[in-house]
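Novice: I need the structure of the sequence given here:
(one chain, ligands or ions: 1)
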Amino acid sequence: EKGGYDYFMLKEIAEQPKAVADTLLGRIDAAGSLTLDEVRIPPGVLREVDKVVIVACGTAFHAGLIAKYAIEHWTRIPCEVELASEFRYRDPILDSRSLVIAISQSGETMDTLMALRHAREQGSCVLAICNTNGSTIPRESDAVLYTHAGPEVAVASTKAFLTQLVACYLVALYLGQVRGTKWADEIRAVIRDLAQISGQVERVLETMEPVRELARSLAEKRTVLFLGRHVGYPVALEGALKLKELAYMHAEGFAAGELKHGPIALVEEDLPVVVVVPSPRGRSVLHDKIVSNIQEIRARGARTIVIAEEGDEAVVPYADHLVRIPATPTLLQPLVATVPLQVFACELATARGNEVDQPRNLAKSVTVE
Ligand code: F6R
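Specialist: Prediction:
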């Protein structure tokens, strides 16, 4: 049932191109418009929404952090993202014009479920993004958009994460479509870019041997840091989470702009630091800033592991290890940038003799608080 792979996690990493494509399938009509009829929220309600609040835990929370960039950029609706476990005890401000999005692979996570119950009590409309048909979270929500990742067995989430991102992009575009802030041709252009992603993830997967080799060489390290900016920041958080749960190593993700406000004090000789570099096209300011961040940490002895777009030459002089990813629009980069981090964590876990599919102390679905 592992399809020839040693671990479910490897199989699920490899299934990501298909999972991404399946999650897009049937959701775009011949004219290039989104047809999210399954999301049975009346357009009138969506037009009235004045705030989006995303609640989730763990990896699904990281998908939510990325969704915020897309939702605010494409719809101009303010969007908050909060850990479900914090949200539900905070007395959050919600009403009938708030759209609450609950993201959950399993559909059974207790904190996320409690957060959405609380939101519905305040009169908010709740949309679930979920991978498990008929599970509790979608059953208790007003609407659901299913991710089509297929069953995810490994405790560490991989393909579900990528499909959560796709679903979030679709919701953001759909909101834009219904509210008229995104026009058909713009939506078509993003959809075209999204349709390319599956093949690009495939290409990333084909070039992962150096990443595995690098991971094995770092098996004795105690700490790895991850840096990113913009949507690369949640990717850094996700890379660190994967490493903690699988390799049982101390790992932390930072917004690169925060370096000088504390974390740079952690940098010492030969400390591995993974840096997710935004595209040099488009928002080039971000790119330039991160190149200086890489220089700064390297000057202090860090061993830099740089994830950068193909053709980005500016990073070459400062990268001790360079991992190439295909060029994508800035907002979609997490779909390709996360993949090397998954492979990295999985290989490090193996090299350290850990149980990849069943990390210690963790359960696939957290149905208690
Ligand atoms: C990390 C991981 C967990 C889950 C979290 C939420 O790899 O798997 O952090 O993402 O427990 O689970 P769901 O999405 O089922 O609500």
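Novice: if I look at Leu173, how far off is Tyr248?
Specialist: 39 Å (C-beta to C-beta, to the nearest Å). C-beta: built from backbone N, CA, C; applies to glycine.
Novice: So the two - more neighbours on which side?
Specialist: Set Leu173 next to Tyr248 and count neighbours by other C-beta atoms under 10 Å: Leu173 wins out with 26 against 15.
Novice: element containing that one, please.
Specialist: If you go by DSSP states H and E, Leu173 is part of helix 159-179.
Novice: Follow the chain on from that helix and name the next helix or strand.
Specialist: Using DSSP H and E, the helix or strand that follows helix 159-179 in sequence is helix 184-206.
Novice: who does that next one touch, helix- and strand-wise?
Specialist: If you count contacts as 3 or more C-beta pairs under 8 Å, 6 or more residues apart in numbering; DSSP states H and E, helix 184-206 packs onto helix 16-24, helix 159-179, helix 334-351.
Novice: Spell out which parts of this protein neighbour the ligand.
Specialist: Counting by C-beta under 6 Å from any ligand atom, the positions of the chain adjacent to the ligand are 57-60, 104-106, 109, 112, 156-157, 241, 245, 365-366.
Novice: Swap in 5 Å and give it another go.
Specialist: 57-60, 104-106, 109, 156-157, 366 (C-beta under 5 Å from any ligand atom).
Novice: what's the closest of those to the ligand?
Specialist: Using C-beta to the nearest ligand atom, Gly58 is the member of the residues of the chain next to the ligand that sits closest to the ligand, with 1.9 Å.
Novice: Can you give me the distance of the closest one to Thr207?
Specialist: Taking C-beta to C-beta, one finds Gly58 at 28 Å from Thr207.
Novice: Looking at those two, which one has more neighbours?
Specialist: Taking other C-beta under 10 Å, Gly58 and Thr207 do not tie; Gly58 has more neighbours (22 against 15).
Novice: So that one sits against Ser157, correct?
Specialist: Yes: taking C-beta atoms under 8 Å as the definition, Gly58 is a contact partner of Ser157 at 7.2 Å.
Novice: can you confirm Gln358 is in a strand?
Specialist: No: per DSSP: H, G, I helix; E, B strand; the rest coil, Gln358 lies outside any strand segment and is coil.
Novice: Lowest-confidence entry in the residues of the chain next to the ligand?
Specialist: Sorting the residues of the chain next to the ligand by pLDDT puts Val366 at the bottom of the list (85).
Novice: For the stretch 1-150 of the chain, which segments count as strands?
Specialist: Ranges of strands within the stretch 1-150 of the chain are 51-56, 79-83, 98-104, 125-130, 143-146, based on DSSP state E, counting those that start in this stretch.
Novice: Could you list the residues in contact with the longest one?
Specialist: Where contact means C-beta atoms under 8 Å, 6 or more residues apart in numbering, the residues beyond strand 98-104 that reach it are 41, 46, 49-57, 60-61, 63-64, 67, 84, 94, 112-113, 115-116, 119, 122, 124-131, 135, 137, 141, 164, 167-168, 171, 175.
Novice: that older thread, could you dump the strands of the stretch 1-150 of the chain into a markdown table with distance to Asp185 and mean neighbour count added?
Specialist: Shown next, in a markdown table, are these (distance: least, C-beta to C-beta, whole Å; neighbours: other C-beta atoms under 10 Å):
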| stretch | distance to Asp185 | mean neighbour count |
| --- | --- | --- |
| strand 51-56 | 24 | 25 |
| strand 79-83 | 24 | 19 |
| strand 98-104 | 25 | 28 |
| strand 125-130 | 26 | 27 |
| strand 143-146 | 23 | 21 |
